[in-house]
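what follows is a predicted structure for the sequence shown.
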Amino acid sequence: MFKDTQESIALFGGSFDPPHLGHLSIIKESLKMLEIDKLIVVPTFLNPFKKSSNETPYQRLKLSKELFGTISKVFISDYEINQGRATTTIQTLNHFQEQYRVKHIIIGADNLTSIHEWHEFKKLNEQIIWVIATRDSYKLETTFLKRFILLQIDVNISSTKIREQNKNKRISMTLNDRIERIVNELDKKKASEIEVFNLENVDYIAKRVVLTTSLGGKHSSALAQHLKEELKPLGEEFLHIDESEDWVVIDMGDILVHIMNSEARQTYSLEEFLTDIGNRKQEEFLK
């Protein structure tokens, strides 16, 4: 395929951990400013300069599709995630150049201090025009760049700051406030017979246990997914989710959430077990 017949694109790579409104602003402003046929968002499997991410690669891909995927001219690529390892920008560029004419790579201003350390930076620098999303707290050190465009973004684009804010939101809430929020979210999605057990003074794996009944089928799994989607962005930690056809158990550290269909709830009799634990501890205290 001849280059002048290829679609022209901009690549916007990153961890997107999590994707947020700052990223969305970058995408929208890029589409306004750049003469391109398509903007391709490329979530990383793992940033080459980081050892881990908070969300799993496929969760970040899913969230990116939900936030950006409906925008005209925007495509969310799973290329780097499917590599199963950290992928360099030059490798990603080479991949997309097989099909497109890659005109731009979009980066945040925070990348400028180390961009000259990127693998095969000289080749990147010769082939593309950099699009820099500016941030007030970062100095625009463009010495190393051959060609660049500045993209003025007013929205905070720091995923690290977003995660820290979410963590602080959780810390500022009492345990009872968090339980109330969980109960409200379950109730909104038609969970029934919601019970909360206070085991704070009991030698148990959690301080609170929430027990609820689902409508059966995939409703238990859907309730668990709803809690994760609504509460994780607010700072709640979902350490592990275990599920079967009849039940789901969510480990949130100091809170356990049991979601069961009616048959499983009768079979396992968790109410009796949890009530018995609390009563035994109370009896020991009164002796």
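Good, I have the coordinates. Residues are numbered from 1 along each chain as shown.

isn't Q152 up against T134?
Yes. When contacts are counted by Cβ atoms under 8 Å, Q152 is listed as touching T134 (5.6 Å). (Glycine included, C-beta is placed from N, CA and C.)

settle it for me: which of those two has more neighbours?
Taking other Cβ atoms under 10 Å, Q152 and T134 do not tie; T134 has more neighbours (14 against 10).

OK, contacts around the more buried one?
Counting by Cβ atoms under 8 Å, 6 or more residues apart in numbering, T134 makes contact with A109, L140, L150, L151, Q152, I153.

check which helix or strand covers the third one.
Under DSSP states H and E, the secondary-structure element containing L150 is strand 148-152.

what are the pairing partners of that strand, and which direction each?
Its sheet considered, strand 148-152 pairs with strand 129-134 (parallel) by DSSP bridges.

who's in contact with E243?
E243 neighbours (Cβ under 8 Å, 6+ apart): S220, S221, A224, V249.

among those, which one lies nearest to G13?
A224 (30.8 Å; Cβ to Cβ).

surely that closest one meets H258?
No. The pair A224 / H258 is not scored as a contact, 10.4 Å apart, by Cβ under 8 Å.

what is in contact with the two at once?
Common neighbours of A224 and H258 (Cβ under 8 Å, 6+ apart) are V248.

coming back round to it: in the strand holding L150, which residues are buried?
Buried positions in strand 148-152, judged by neighbour count with 16 or more other Cβ atoms under 10 Å: F148, L151.

show me the helices in the stretch 151-287 of the chain, by range?
Counting by DSSP state H, counting those that start in this stretch, the stretch 151-287 of the chain has helices at residues 159-171, 175-188, 219-231, 262-268, 270-286.

show me what counts as buried in the fourth one.
Residues of helix 262-268 classed as buried under the neighbour-count rule (16+ other Cβ under 10 Å) are A264, R265.

domain ranges for the protein?
Domain segmentation of the chain under automatic domain parsing yields 3-165, 173-286.

mean pLDDT added to the ones you listed, as CSV?
Formatted as CSV, the domains of the chain follow (pLDDT from 0 to 100):
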stretch, mean pLDDT
domain 3-165, 87
domain 173-286, 88
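
what comes into contact with the strand holding L150?
With Cβ under 8 Å, 6+ apart as the test, strand 148-152 has contacts from 26, 29-30, 33-34, 104, 106, 129-134, 140, 142.

please apply the same query to stretch 220-230.
182, 185-186, 189, 191, 212, 214, 238, 241, 243, 246-248, 250, 257, 259-261.

any idea how far that stretch is from the chain center?
How far stretch 220-230 lies from its chain's middle: 14 Å, per Cα atoms, centre = their mean, to the nearest Å.

CSV for the contacts of E243, including neighbour count and distance to I40?
What follows is the contacts of E243, written out as CSV (neighbours: other Cβ atoms under 10 Å; distance: Cβ to Cβ, whole Å):
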residue, neighbour count, distance to I40
S220, 26, 37
S221, 17, 32
A224, 21, 32
V249, 17, 39
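
for the residues you listed, work out which two are farthest apart.
Within the contacts of E243, S221 and V249 form the most distant pair, 11.7 Å apart (Cβ to Cβ).

after the one helix or strand I9 maps to, next one along is what?
Here I9 is covered by strand 8-14, with elements defined by DSSP H and E. As assigned by DSSP H and E, the chain's next helix or strand after strand 8-14 is helix 21-33.

where along the stretch 1-150 of the chain do the helices fall?
For the stretch 1-150 of the chain, applying DSSP H, counting those that start in this stretch gives helices covering 21-33, 57-68, 79-83, 89-97, 121-127.

packing partners for the fourth one?
Helix 89-97 sits against strand 8-14, helix 79-83, strand 101-108, helix 121-127, with contacts defined as 3 or more Cβ pairs under 8 Å, 6 or more residues apart in numbering; DSSP states H and E.

which one of the ones you listed lies nearest to I205?
Nearest of the helices and strands packed on helix 89-97 to I205, taken as Cβ to Cβ: helix 79-83 at 33.5 Å.
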